[in-house]
Every structure is written in C-alpha cells, then in structure tokens.
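Q: Got a predicted structure plus its sequence, pasted below:
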Amino acid sequence: MTPMQHALSPSRHQCSSRNRLRAVATSLVTLGLLGAVGAATGAAPLVGAPRAFNLQDGALERITGVVVQELSQLAEWCEAQRLNASRLAAYEAVLEWSPDDSDARRILGWKRDKSGAWVRSRPAATVRDRGGLEAELAARRSSIAGLALAECEGLEGAARAQLLRALRGRLIAIAPDSDEVRAALGQARHPDGGWVRADAARALAAAGYKELVASLRATSPEPERLEVTALDAAARDASVKWLGVARTPGALVASSVSFAEAAAIASAVDVAPQLARLLLPPTTSFAGAKGRPPVGDDGGGHPGWWSQPRFYVVQSNRDRDALISALGKDLEPKKAALLRAVNTGYLDRQNSIGVWSAGAADRVEAAVRQRVGLYLQRAFGVTAERGWIWEGIGLLLSSSIVGTKNLVYVRLEASDRTVAGSKGKKYEANLFGPGADWLLMARDLARLPTAPKLGILLGKDVNKMNKEDLLMAFALGTWLVDGHPELVSRVLGRIGAGQPPVEVLEAEFGMPLPELELTLREWLEDMRRAP
C-alpha cells in the first residue's frame with residue numbers, strides 16, 4: 001500500500017494539552033446510546049426539531065395505564081402515612097404520564113376553564129412529609145419505575161430503545177435517584193455526583209490518556225543513537241547537516257537540530273501505533289472498494305521501512321528544499337510545490353516523511369500526526385477523504401501523546417483562529433490558544449442554528465472542511481472513541497471499506513441521523529456543563 005500524499009496546514013499556534021482516558025463502565029446497562037442530559041444540568045435548550053416517536057402495539061399506552069394506577073395507589077399510601085408532600089408529588093408524576101387525569105388535576109388544584117383548558121383554581125399547597133419513611137418511599141417509587149421497565153423487556157433492539165427514550169423523563173420523575181432506572185436509560189454518575197449519559201461518564205472518568213501514554217512510554221525502549229551512515233544514500237546526499245539520528249522499534253528519525261530532538265520524536269512516534277492499537281483495534285472483517293481487507297500495521301512480510309517509518313526533521317527552508325530535492329525527486333512538480341507550503345509530507349513511496357515546522361513542539365506533533373494517519377490507512381483503509389475521522393480521531397490520538405493540537409489538515413487562514421460561541425458574536429474563543437477546550441467550543445457551536453450538519457460533515461474531504469467542521473469532527477471522534485469504544489473499530493472498518501458513513505453510524509448506533517445529531521449534542525452538554 002502506498003501512503004497517500006497528505007500535508008498539514010501551515011497553522012502554528014500554541015494550545016494546551018487535553019488528553020483523554022477511556023474508562024469503560026462495564027457494570028452499566030447501556031442500551032445503544034439511550035441516555036439523556038442529566039435531570040438538572042442547567043444546559044441551554046438544544047437546537048433541533050422535537051423527536052417523533054412511532055411506537056407500535058400500544059406499548060406506551062399500556063405502560064401508562066399500569067404506571068398511573070400504581071402512582072395513584074402510591075398517593076393513597078402516602079396519605080395514610082401522612083406523607084403529604086410525597087402524596088402531591090405522586091399526583092404530579094401522574095400528570096407527567098397522563099396530563100388529563102381529572103382526579104390528579106382536582107387534587108393538585110386545577111380546573112377546566114370555559115375553553116376546556118386546565119387552569120389553576122388555587123395556589124400549590126405548601127406541605128411537608130413526616131420523617132422516618134424515606135427508604136420505604138424510595139423503594140415504592142423505584143418499584144413502580146421497575147414495572148415500567150419490565151414492560152419494555154418484551155421489545156427488542158431499536159423498538160426498546162425508542163420506547164425508553166419516550167419514557168425517560170417520566171421514569172426519572174418517578175425515581176430520580178434509582179440506579180436501575182438511570183442505568184436502563186443509559187446514564188451514570190458524573191464525577192461531581194449528578195447524572196449524565198453513560199458515554200459521557202466514560203469519557204469524564206479521568207482527565208485523559210495521560211496514564212496510558214505514560215505507561216507506554218515507560219515500557220518503550222530508549223532510542224538508539226546511530227551514525228549518519230545508517231541513513232539511506234539519498235538522505236546522506238541531501239546537503240543537510242544531520243546532527244542526530246535516533247532509532248526505536250517504530251521509527252527512524254534524523255534531525256538537523258540535535259540528537260535530543262531526534263530521540264524525543266522517535267519516542268513519541270513509537271508510542272503512536274501502540275496507543276492506536278489499544279484505542280482502535282485493527283479489523284480485517286471488511287474488504288475495501290477493491291475487495292481486499294486493510295493490509296494491517298504490523299511489519300510481517302514487509303520491508304523495514306514499513307514498520308519503522310523514516311522521519312527527516314529539519315528547521316530551515318534551505319534544508320527543507322534540499323530534502324525535497326534529494327528524497328522527493330520523483331514527485332510531481334505540483335506535489336513538490338505543495339510540500340514547500342506546508343509543515344510536513346511524504347517524500348517518496350517508502351514512508352520517507354519530511355518534517356519542517358518552525359517550532360520544536362510542532363515538529364513533534366507533525367511527526368506523530370503522520371504516524372497516526374498511517375495507522376488509520378493501514379488498519380482501516382481510512383484516508384483524508386474522510387475528513388472527520390482524519391481530523392477528529394487523528395487529533396484526539398496525537399494530542400493525547402504530545403499534548404497539543406497546533407497542526408491540522410484543514411486549510412485555515414489567519415482569521416480562523418477564533419470561534420464564536422453560543423453567547424453571540426461578542427464571545428469568541430481562541431481555537432489554538434493556551435487552555436483551548438475544543439469540546440467546550442464544540443458544545444457552544446452545537447447550540448447555534450448555524451452549527452455544521454452531521455450528514456454533510458460525514459461526507460467531507462478534509463480539504464473541504466472549515467474551522468467549525470474541525471471542532472465538530474473532534475467532538476464526533478471523541479464521542480466515538482471515548483464514549484463508545486465497543487463500536488469504534490466496526491465503524492472505521494465499515495467506512496474504510498467504502499460503506500456510506502451515514503448508513504454505518506445509523507446502523508451501529510441503532511438510530512436515524514437526526515437522532516444521532518441530537519444525541520451528540522446531548523453528549524457535549526454533559527461533557528462540558530456550563531450555564
């Protein structure tokens with residue numbers, strides 16, 4: 001397989017690190033992304049049309065009848081136990097299920113006006129419960145919610161998911177602190193104690209992949225120092241003064257700056273495929289457009305440069321031009337000109353990769369991004385034509401290793417450094433500045449009517465993306481990798497095999513595109529809670 005000729009955008013900005021740690025909540029019962037925003041997140045309303053439910057066989061009506069009867073009996077029990085506040089709360093819950101229940105309306109102080117609408121006939125009563133029965137009351141409420149959940153057990157797959165989504169607010173109103181109810185709705189505890197989507201809880205379980213990356217670095221061998229004579233003849237003849245050559249099992253790096261830089265880049269590049277294999281396990285289950293599965297990222301049966309890509313790192317434009325002329329002599333003139341305009345790119349068909357970013361941190365990031373991209377191509381057949389994967393997942397993995405997101409494939413202009421948030425034009429966040437929180441910016445962007453449409457984003461080549469697409473791609477990639485690790489390899493494998501991304505995501509998540517879009521926004525709200 002020939003590596004595609006890709007190059008990074010010439011953006012050079014500083015950005016704080018935001019690592020990710022996948023913590024899979026295996027004890028939770030997650031029903032295909034059924035969770036919702038926690039009961040009291042304080043989030044702004046989501047942009048989008050209300051959800052429409054097409055429930056079959058009268059399931060919702062049947063469950064409503066059972067629950068209303070049980071709630072009415074609970075209210076009577078509360079009255080007998082002098083739990084006056086809980087009695088009224090039970091009738092309020094009845095109205096969540098059956099808004100026209102006349103008994104509940106009357107007891108709560110409602111009556112119909114001349115038009116037939118319900119209006120309050122008296123202020124809401126201020127009453128209190130007597131103490132001592134809190135545990136039994138909670139058990140009775142949870143039991144009622146459990147009956148509703150049991151009614152869903154006869155349904156399968158999407159039908160069950162659809163019904164639970166329709167019931168979630170009403171179930172929470174009955175038993176807001178029931179672990180059983182929250183788990184069935186795909187929710188889990190937020191680190192601050194509230195309830196959030198289970199896929200958000202996974203991603204929030206820790207601050208990032210710092211521990212995993214640190215472990216991989218600790219177990220990787222120290223870079224070996226080589227003589228310049230170990231380089232290919234073309235590199236030795238490139239009129240570049242190589243000051244350091246470092247080698248690890250996964251990389252060979254020559255630097256015109258210093259051996260220390262060559263060693264640092266070699267170590268970071270060596271970690272990249274290891275992290276990728278853990279987070280994105282390779283799959284050969286899907287054959288690509290030419291009927292062949294991905295070739296894989298290991299070096300079995302391949303020449304040395306396959307498993308040990310070669311990085312040539314220079315600092316000056318003169319060295320860059322000399323490197324392109326020597327190693328990229330077979331490139332088409334247009335490709336050679338493109339390389340001179342960007343930060344990094346492939347010089348030949350044998351994984352000779354040139355890196356010439358101005359800053360030392362950017363040179364490390366550029367090398368790691370290239371290695372992550374190489375993994376995506378080999379393991380899944382995914383290229384930059386799938387821009388949301390290339391940028392979203394590519395940036396997630398590389399930033400987890402190097403701590404920065406300074407370099408992107410999206411072609412950004414100098415005016416693209418800031419992003420308007422949901423508070424209006426006066427609120428703008430620096431996309432590459434210190435402390436930049438891309439998920440927070442994506443959340444604010446998702447609240448706007450002008451937010452990128454998921455169906456369009458999924459079909460964009462990286463060269464067609466803008467800064468808003470970049471943010472939503474990062475959000476989508478993080479949601480998939482951190483929130484749904486059980487799906488990520490199948491999603492990438494199917495898309496890499498040429499299956500339409502919209503169809504793949506709809507099938508794997510078990511919901512139509514509009515539902516997917518709203519669910520991603522809900523996840524962002526839970527991930528970045530703010531007024």
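A: Alright, I've got the coordinates.
Q: any low-confidence regions in the stretch 251-400 of the chain?
A: In the predicted model of the stretch 251-400 of the chain, residues 299 satisfy pLDDT under 70.
Q: can you pull out the helices in it?
A: Here the stretch 251-400 of the chain has its helices, by DSSP state H, counting those that start in this stretch, at 259-279, 304-307, 317-327, 333-341, 360-380, 387-388, 394-402.
Q: what sits against the closest residue to residue 269 other than its chain neighbours?
A: Spatially, and ignoring its direct neighbours in sequence, residue 269 is nearest to residue 251 (3.9 Å; Cβ to Cβ, 6 or more residues apart in numbering). For the C-beta atoms, the positions are set from N, CA and C on the backbone; glycine is no exception. Listed by Cβ atoms under 8 Å, 6 or more residues apart in numbering, the contact set of residue 251 reads 265-266, 269-270, 308-311, 367, 371.
Q: Export the helices of the stretch 251-400 of the chain as a markdown table, with columns for distance to residue 98.
A: Formatted as a markdown table, the helices of the stretch 251-400 of the chain follow (distance: least, Cβ to Cβ, whole Å):
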| stretch | distance to residue 98 |
| --- | --- |
| helix 259-279 | 47 |
| helix 304-307 | 65 |
| helix 317-327 | 72 |
| helix 333-341 | 65 |
| helix 360-380 | 50 |
| helix 387-388 | 43 |
| helix 394-402 | 46 |
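Q: export those helices to TSV and tack on mean neighbour count and distance to residue 491?
A: Converted to TSV, those look like this (neighbours: other Cβ atoms under 10 Å; distance: least, Cβ to Cβ, whole Å):
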stretch	mean neighbour count	distance to residue 491
helix 259-279	22	13
helix 304-307	16	26
helix 317-327	18	36
helix 333-341	13	30
helix 360-380	25	9
helix 387-388	26	11
helix 394-402	26	14
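Q: Residue 211: which of these is closest?
A: Closest of the helices of the stretch 251-400 of the chain to residue 211 is helix 394-402, at 10.9 Å (criterion: Cβ to Cβ).
Q: Spatially nearest residue to residue 483 (excluding sequence neighbours)?
A: residue 199 (3.2 Å).
Q: Just the element for that neighbour, please.
A: Per DSSP states H and E: residue 199 is located in helix 198-204.
Q: And the helix or strand following that helix, what's buried?
A: Downstream of helix 198-204, the next assigned helix or strand under DSSP H and E is helix 210-219. Of the residues in helix 210-219, 212-213, 216 count as buried by neighbour count, 16 or more other Cβ atoms under 10 Å.
Q: With stretch 502-511 instead?
A: By 16+ other Cβ under 10 Å, the buried positions in stretch 502-511 come out as 502, 504-505, 508-511.
Q: same question for it, mean pLDDT?
A: Stretch 502-511 carries an average pLDDT of 92.
Q: Convert the C-alpha atoms of that stretch to CSV, please.
A: The C-alpha coordinates for stretch 502-511 follow below in CSV (Å, rounded to 0.1, in the frame of the first residue of the first chain):
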residue,chain,number,x,y,z
VAL,A,502,-24.3,8.0,7.5
GLU,A,503,-25.6,4.4,7.0
VAL,A,504,-22.8,3.0,9.1
LEU,A,505,-23.4,5.3,12.0
GLU,A,506,-27.2,4.8,11.8
ALA,A,507,-26.8,1.0,11.8
GLU,A,508,-24.1,0.8,14.6
PHE,A,509,-25.9,3.2,16.9
GLY,A,510,-29.4,2.0,16.0
MET,A,511,-30.9,5.4,15.4
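Q: name the element the most far-flung residue of the chain relative to its centre belongs to?
A: Using Cα atoms, centre = their mean, the residue of the chain lying farthest from its centre is residue 114. It sits 52.0 Å away. Per DSSP H and E, residue 114 falls between elements, in no helix or strand.
Q: For stretch 522-531, what is the distance to the chain centroid?
A: Distance, stretch centre to chain centre, for stretch 522-531: 13 Å (Cα atoms, centre = their mean, to the nearest Å).
Q: Just the buried positions in it, please.
A: Buried, per 16+ other Cβ under 10 Å, within stretch 522-531: 522-529.
Q: start to end distance for stretch 308-317?
A: 26 Å (Cα to Cα, to the nearest Å).
Q: ugh, wrong one, I meant stretch 236-246
A: Criterion Cα to Cα; first-to-last residue distance in stretch 236-246 is 15 Å.
Q: Centre of the chain to that stretch, how far?
A: 40 Å.
Q: do stretch 481-488 as well
A: 8 Å.
Q: hang on, the earlier thing: I'd like the buried residues of stretch 502-511 as TSV, with secondary structure and distance to residue 93 appended.
A: Shown next, in TSV, are those (DSSP: H, G, I helix; E, B strand; the rest coil; distance: Cβ to Cβ, whole Å):
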residue	secondary structure	distance to residue 93
502	helix	38
504	helix	40
505	helix	35
508	helix	35
509	helix	30
510	coil	29
511	coil	27
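Q: out of the helices of the stretch 251-400 of the chain, which comes closest to residue 468?
A: The nearest among the helices of the stretch 251-400 of the chain, by Cβ to Cβ, is helix 387-388 at 12.1 Å.
Q: so what secondary structure elements neighbour that closest one?
A: helix 467-478 (3 or more Cβ pairs under 8 Å, 6 or more residues apart in numbering; DSSP states H and E).
Q: how about a cut-off of 10 Å?
A: Contacts defined by 3 or more Cβ pairs under 10 Å, 6 or more residues apart in numbering; DSSP states H and E place helix 387-388 against helix 454-457, helix 467-478.
Q: Of these, flag the one that's most buried.
A: Neighbour counts (mean count of other Cβ atoms under 10 Å) averaged over each of the helices and strands packed on helix 387-388 peak at helix 467-478, with a mean of 24.
Q: which is the next helix or strand following that one?
A: Under the assignment DSSP H and E, the closest C-terminal helix or strand after helix 467-478 is helix 485-496.
Q: tell me the angle of that next one relative to helix 360-380?
A: Interaxial angle of helix 485-496 relative to helix 360-380 (axes from the mean of the first three to the mean of the last three Cα atoms, to 10 degrees): 80 degrees.
Q: follow-up on the earlier one: now render the helices and strands packed on helix 387-388 as TSV, adding mean pLDDT and distance to residue 387.
A: Formatted as TSV, the helices and strands packed on helix 387-388 follow (pLDDT from 0 to 100; distance: least, Cβ to Cβ, whole Å):
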stretch	mean pLDDT	distance to residue 387
helix 454-457	96	8
helix 467-478	95	7
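Q: Quick one: closest of the ones you listed to residue 237.
A: helix 467-478 (39.0 Å).
Q: so how far is the closest one off the chain centroid?
A: Counting by Cα atoms, centre = their mean, helix 467-478 comes out at 8 Å from the chain centroid.
Q: Tell me which other helices or strands that helix touches.
A: Helix 467-478 is packed against helix 387-388, helix 394-402, strand 418-421, helix 438-446, helix 454-457, helix 513-527, with contacts defined by 3+ Cβ pairs under 10 Å, 6+ apart.
Q: Nearest approach to residue 464 belongs to which of the ones you listed?
A: helix 387-388 (6.9 Å).
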